[in-house]
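Visitor: Would you be able to build a 3D model of this:
(2 chains)
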Number of protein chains: 2
Amino acid sequence: MNDSANVEIDNTGLAITTDSFVVDPIFFPGGDIGHLAVCGTVNDLSMAGARPLWLTTAFILEEGLPMEDLHRIVDSMGKTARKAGVDLVAGDTKVVPKGKADKLFINTTGVGVVKKGRTFGGQFARPGDQILISGTLGDHGVAILSAREGLAFETPVLSDSTPLWDLTRTILDTGADIQVMRDPTRGGLATTLNEIALQSELGIEILEGDLPFREAVSSACEILGLDLLFLANEGKMLVFVSKDEVNMVLAAMKDHPDGKEARRIGEVVSDHRGRVVMRTRIGGRRIVDMLTGEQLPRIC
Amino acid sequence: MNDSANVEIDNTGLAITTDSFVVDPIFFPGGDIGHLAVCGTVNDLSMAGARPLWLTTAFILEEGLPMEDLHRIVDSMGKTARKAGVDLVAGDTKVVPKGKADKLFINTTGVGVVKKGRTFGGQFARPGDQILISGTLGDHGVAILSAREGLAFETPVLSDSTPLWDLTRTILDTGADIQVMRDPTRGGLATTLNEIALQSELGIEILEGDLPFREAVSSACEILGLDLLFLANEGKMLVFVSKDEVNMVLAAMKDHPDGKEARRIGEVVSDHRGRVVMRTRIGGRRIVDMLTGEQLPRIC
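Guide: Numbering: from 1, shown residues only, chains lettered A, B, ... in the order given. Modelled structure (predicted):
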């Protein structure tokens, strides 16, 4: 249930992860499918504590895709890879007849190197761990939806899609004893926290009043009947850290451009094991379920 | 232009390769898309002289794909991976609405380990190198076409799709100084040899009378107007080896179940650099061009 596999060769720890991207539309406010394909895989490696080194990419193109679109996307992948410090080392292209795919699909697979003896995973959460999020929730989901449906907001919502390795390294460099990091992508915050609650067999409590989100995202959710907790993020990370070290880690995150809006949103508890409970603004408590099915398909 | 990227970490050489599979139909005589997806990537690593260790796999499913088909394909991947001695370490699944893909597409990405100091590639071909093929040509291409078009032959033609690492290891274990190995997949023998002629800036001469093929494949080509030289193979390999060592290597290949029908089909020459020439059965000579476009789309 973690996002990468860990393997070892000649005493070097490697992490390997793969993702196919089928986002619709292929261009959206704040990004495109190529940018997303690099970020998604870089971030899965990062969440395993692995320094991303190499990416492969494979394209499935629908006959008739404008070459101009392909060039724009390839350029975007190159730029994002340079920003993330990874090399695109191998590639593949297949073309299928018109109507047998939807414009283009991109697979990226990443290999990274893990510091000896460091392992990360939802199963390592401990009671008392404080839960930090690196920034606002739901931006990517709302950006995709608005592009797909042609919705215009007064303040346009941009996808938060960004490579998270640099922020991750900053966090790990604090020396804090962190063993759980995760990016709340498909299924959003609620699904990710539920996965961790199940993996660790512990409870998770979050505080509704502390969840960070943009005004425009929250309005979009109200109008469209979407639940912010289930919206995808593509440039945010969760960090679990003990009470003793939480201030140090939070300060390091806030000092980083990708973590300026970081905050504490909850903690791990020994009650209601395997479940996520939200304390609401009016003092109530409600169980936050896992997403069954997809609230919003093809968001990545 | 080789099929894998070579990278190094802590003094260990790794090869990385990626391929998406969009074969139509997804089940065909002698294999299925899952089997092919494992073989294709295992073989690309093998041709780089890399022992295949880890595979990732990512599925793009069209809504409505029967679960039964998916199970059959996943089972087939598992069996093929065990046969090839690789671990499937990470996976991903995306679903797109009906009509936005064609049943399913599978990406596999592979990582293998390369023996220190051994590199392989078309650029290393030397004048005088003898060219060996491990078996008959065109089986995969004809198997796919017959399944797609509902053609029935008296003797059914099965895809030759198979993992080639074990045969490759047998060949390398002879100790022969081999630096060019390649599997003639998309574009067939002609395209692969042209790539090597261009990479090495040498000429290649093949002998029409020595090319191995099944009777049924050759008949199918005649009826359908296909050129055997351009038909895809998914379980065959080319090996370039000096005159001194050719008999030793050929004997080792013939001793292996996947190389029983191996034979010498030509040699590398200093003439007609960058070009492949075939000596025909009636004593003529003709230039064998590279395939432009695709003779048969979606064969892998």
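Visitor: Check the gap between residue A:130 and residue A:168 for me.
Guide: When C-beta to C-beta, to the nearest Å is the yardstick, residue A:130 and residue A:168 sit 17 Å from each other. Heads up, the C-betas are built off the backbone N, CA and C, glycines and all.
Visitor: neighbour count winner among those two?
Guide: Of the pair residue A:130 and residue A:168, residue A:168 is the one with more neighbours under other C-beta atoms under 10 Å in any protein chain shown, namely 30 against 20.
Visitor: Now for residue A:70, how many residues are close by?
Guide: The burial metric for residue A:70, expressed as a neighbour count using other C-beta under 10 Å, is 17.
Visitor: hang on, isn't residue A:207 packed against residue A:267?
Guide: No: with contact taken as C-beta atoms under 8 Å, residue A:207 and residue A:267 are classed as non-touching, separated by 9.0 Å.
Visitor: Those two: which has the busier surroundings?
Guide: Set residue A:207 next to residue A:267 and count neighbours by other C-beta under 10 Å: residue A:267 wins out with 18 against 15.
Visitor: Need phi/psi at the more buried one.
Guide: Reported as degrees, to the nearest 10, the phi and psi values for residue A:267 are phi -150, psi 170.
Visitor: how far away is the residue nearest to it when sequence neighbours are not counted from chain B?
Guide: Closest residue to residue A:267 in three dimensions, ignoring its sequence neighbours and counting by C-beta to C-beta, 6 or more residues apart in numbering or on different chains: residue A:130, at 5.3 Å. When C-beta to the nearest C-beta, to the nearest Å is the yardstick, residue A:130 and chain B sit 29 Å from each other.
Visitor: My read is that residue A:130 contacts residue A:264, right?
Guide: Yes: using C-beta under 8 Å as the test, residue A:130 is close enough to residue A:264 to be in contact (5.6 Å).
Visitor: circling back to that earlier point, now do the same contact list for the residue nearest to residue A:267.
Guide: A:240, A:241, A:242, A:243, A:246, A:264, A:266, A:267 (C-beta atoms under 8 Å, 6 or more residues apart in numbering or on different chains).
Visitor: Could you let me know which of the residues you listed ends up closest to chain B?
Guide: residue A:240 (22.4 Å; C-beta to the nearest C-beta).
Visitor: For my notes, confirm the closest one occurs in a strand.
Guide: Yes: judged by DSSP: H, G, I helix; E, B strand; the rest coil, residue A:240 forms part of a strand.
Visitor: Now it. Nearest residue, chain neighbours left out?
Guide: Of all residues not flanking residue A:240 in the chain, residue A:180 sits nearest, at 3.7 Å (C-beta to C-beta, 6+ apart).
Visitor: Alpha carbons of stretch A:23-42, as PDB, please.
Guide: Coordinates of the C-alpha atoms in stretch A:23-42 are reproduced here as PDB (Å, rounded to 0.1, in the frame of the first residue of the first chain):
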ATOM      1  CA  VAL A  23      -5.500  13.200 -17.000                       C
ATOM      2  CA  ASP A  24      -8.300  14.900 -19.000                       C
ATOM      3  CA  PRO A  25      -7.800  17.500 -20.200                       C
ATOM      4  CA  ILE A  26      -4.100  17.300 -21.100                       C
ATOM      5  CA  PHE A  27      -3.600  21.000 -20.500                       C
ATOM      6  CA  PHE A  28      -5.000  22.600 -17.400                       C
ATOM      7  CA  PRO A  29      -4.400  25.700 -15.300                       C
ATOM      8  CA  GLY A  30      -1.000  25.300 -13.600                       C
ATOM      9  CA  GLY A  31       0.200  22.300 -15.600                       C
ATOM     10  CA  ASP A  32      -0.200  19.700 -18.200                       C
ATOM     11  CA  ILE A  33       0.000  15.900 -18.500                       C
ATOM     12  CA  GLY A  34       3.800  15.900 -19.000                       C
ATOM     13  CA  HIS A  35       4.500  18.100 -16.000                       C
ATOM     14  CA  LEU A  36       2.100  15.900 -13.900                       C
ATOM     15  CA  ALA A  37       3.800  12.700 -15.100                       C
ATOM     16  CA  VAL A  38       7.200  13.800 -13.900                       C
ATOM     17  CA  CYS A  39       5.900  15.300 -10.600                       C
ATOM     18  CA  GLY A  40       3.800  12.200  -9.800                       C
ATOM     19  CA  THR A  41       6.600   9.700 -10.000                       C
ATOM     20  CA  VAL A  42       9.200  12.000  -8.500                       C
END
